[in-house]
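Student: Sequence first, then the predicted structure:
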Amino acid sequence: MVLNYIWIAFFVIAFVIALVKLIFMGDFSVFPDIMNSTFDSAKTAFEISLGLTGVLSLWLGIMKIGEKGGVINVLARILSPVFCKLFPDIPKGHPVTGSIFMNIAANMLGLDNAATPLGLKAMEQLQELNPKKDTATNPMIMFLVLNTSGLTIIPVSIMVYRAQMGAAQPTDIFIPVLLATFFSTLTGIIVTSIYQRINLFNKVMLCTLGGLCLLVAGIIWGFGQLDKDQMNIVSTTIANILLMTIIVSFILAGVRKKINVYDAFIEGAKDGFSTAVRIIPYLIAILVGIGVFRASGAMDMLTGGIKWCVQACGGNTDFVGAIPTALMKPLSGSGARGMMVDAMKTYGADSFVGRLSCIFQGSTDTTFYILAVYFGSVNVRYTRHAVACGLLTDLAGVIAAISIAYMFFGR
């Protein structure tokens, strides 16, 4: 519903601005520019979707091998001690714990198709424990905040889009996205724990969060010792080594489980093909809307206003061109994806803005969409502090993304 209003607003605002330019400024080129942008954007969207087919099929095939090879179950067992502390209101041994673990693990691996059904199942099981069926419980809110924080180990789709848009090294945002999503997830856990009065000062949580913070601090310190060129080379090399290691590990996990690895890959690859075809109308819709919005001059007015405010405060304005992606992300995943693609198309996939828009896309998830789908599936009307925690998590992800982008790709 939110995306519907946003899409309508793109066209209405563009039309009004174009009329003002025509009547008061005598700009006769504005309407031809808008119409040309609709055709160009539709063509670009189709070409991107068509080009995604091969790479999506490859990665979803690899992910299916990992899924059937038991990788998600392994991650669930590893995360079990931590999740028991984050969900103290869930009875020990309740089956919902397994669904939560599976959902989070699937999200971490970028298995969206597997994560959503598992998440909806977890919400149904949490609803069974809910004494007030129309009001969100603490475990429900913590579960959704972990989802909206967007914790992802492998940002496959973002790297695929970068490859399609001609990035020299599509994987160069791998480490920055991992760092940004870590900070958003950490913020989400802390903020929600404060609301719910969950004690994080216990051995398990201190060791886990403290260890992760030390690891991230070490990564940041290590990359801080390098200049921009070295940082880019090292980051890309590490990312490629990690990705190749994950691919081989998934295949070996499948062999260990004695599954037919080839057939599992084919099954996942078929999903990749259908996914690429399925996103064509959505990508065309959002890119045409953004193209009209940009051709009318509305996007320049929006970013110009933000840039003026930042300059007035004495800040660096290099990041402003990517802000539309950050603003759209809490509202719509497809909308933010369109903004990301538009930023790479306008500024270049390897530009600072192009890379930052990709980090924004990977640093958090679609807060309002997730809240609507998950709470709507169990008819919860009163969400309590879920929106506040989700938006604070988004804000932390945006701030972290900007800081990390300047560290890795800034001038």
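Tutor: Structure's in. What do you need?

Student: And for the spatially most central residue of the chain, nearest residue in space, chain neighbours not counted?
Tutor: Geometric centre of the chain, nearest residue: Gly362, 3.6 Å, by C-alpha atoms, centre = their mean. Nearest non-adjacent residue to Gly362, counting by C-beta to C-beta, 6 or more residues apart in numbering: Val177, 3.7 Å away. C-beta coordinates here come from the backbone N, C-alpha and C atoms, glycine included.

Student: Next secondary structure element downstream of the stretch of helix or strand the one you found belongs to?
Tutor: In this structure, Val177 sits in helix 174-196 according to DSSP states H and E. Sequence order places helix 203-224 as the next helix or strand after helix 174-196, per DSSP H and E.

Student: for that following helix, which positions count as buried?
Tutor: By neighbour count on 16 or more other C-beta atoms under 10 Å, the buried set for helix 203-224 is 205, 208, 219, 223.

Student: Which secondary structure elements does the helix or strand harbouring Met301 sit against?
Tutor: Assigned by DSSP H and E, Met301 falls within helix 298-312. Helix 298-312 is packed against helix 2-25, helix 280-295, helix 323-328, with contacts defined by 3 or more C-beta pairs under 8 Å, 6 or more residues apart in numbering; DSSP states H and E.

Student: okay, the ones you listed in CSV with distance to Thr53 and mean pLDDT next?
Tutor: Below are these laid out as CSV (distance: least, C-beta to C-beta, whole Å; pLDDT from 0 to 100):
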stretch, distance to Thr53, mean pLDDT
helix 2-25, 24, 84
helix 280-295, 10, 80
helix 323-328, 24, 85
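
Student: Of these, which is nearest Ser377?
Tutor: The closest of the helices and strands packed on helix 298-312 to Ser377 is helix 2-25. By C-beta to C-beta, the value is 17.3 Å.

Student: Which positions within whichever helix or strand comes after the closest one qualify as buried?
Tutor: Moving toward the C-terminus from helix 2-25, the next helix or strand (DSSP H and E) is helix 30-68. Buried residues in helix 30-68, counted by 16+ other C-beta under 10 Å: 30-31, 33-34, 37-38, 41-42, 44-45, 48-49, 51-53, 55-68.

Student: which is the next helix or strand following helix 30-68?
Tutor: Next element after helix 30-68 (DSSP H and E): helix 71-86.

Student: Using PDB, list the CA coordinates for that following helix.
Tutor: Extracted in PDB, the C-alpha atoms of helix 71-86 (Å, rounded to 0.1, in the frame of the first residue of the first chain):
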ATOM      1  CA  VAL A  71      24.100 -25.400   6.500                       C
ATOM      2  CA  ILE A  72      21.100 -23.600   8.000                       C
ATOM      3  CA  ASN A  73      20.800 -26.200  10.700                       C
ATOM      4  CA  VAL A  74      24.400 -25.800  11.600                       C
ATOM      5  CA  LEU A  75      24.000 -22.000  12.000                       C
ATOM      6  CA  ALA A  76      20.900 -22.600  14.100                       C
ATOM      7  CA  ARG A  77      22.800 -24.700  16.500                       C
ATOM      8  CA  ILE A  78      25.600 -22.200  16.700                       C
ATOM      9  CA  LEU A  79      23.100 -19.300  17.400                       C
ATOM     10  CA  SER A  80      21.000 -21.300  19.900                       C
ATOM     11  CA  PRO A  81      22.700 -20.100  23.200                       C
ATOM     12  CA  VAL A  82      22.500 -16.500  22.100                       C
ATOM     13  CA  PHE A  83      18.900 -16.600  21.000                       C
ATOM     14  CA  CYS A  84      17.800 -18.100  24.200                       C
ATOM     15  CA  LYS A  85      19.000 -15.000  26.000                       C
ATOM     16  CA  LEU A  86      17.300 -12.700  23.500                       C
END
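
Student: quick one on the thing from earlier: for the helix holding Val177, packing partners?
Tutor: With contacts defined as 3+ C-beta pairs under 8 Å, 6+ apart, helix 174-196 has these neighbours: helix 138-148, helix 203-224, helix 228-256, helix 352-363, helix 386-409.

Student: 10 Å - rerun?
Tutor: If you count contacts as 3 or more C-beta pairs under 10 Å, 6 or more residues apart in numbering; DSSP states H and E, helix 174-196 packs onto helix 71-86, helix 138-148, helix 156-164, helix 203-224, helix 228-256, helix 352-363, helix 386-409.

Student: pLDDT averaged over the fourth one - what is it?
Tutor: Put plainly, it is helix 203-224. Mean pLDDT, computed over helix 203-224, is 83.

Student: how near is the nearest residue to Met205 once chain neighbours are set aside to Phe182?
Tutor: Spatially, and ignoring its direct neighbours in sequence, Met205 is nearest to Lys85 (5.2 Å; C-beta to C-beta, 6+ apart). Note on Lys85: its distance to Phe182, by C-beta to C-beta, to the nearest Å, is 18 Å.

Student: Between these two, tell me which one has more neighbours.
Tutor: Taking neighbours as other C-beta atoms under 10 Å, Lys85 and Phe182 compare with Phe182 leading, 21 against 16.
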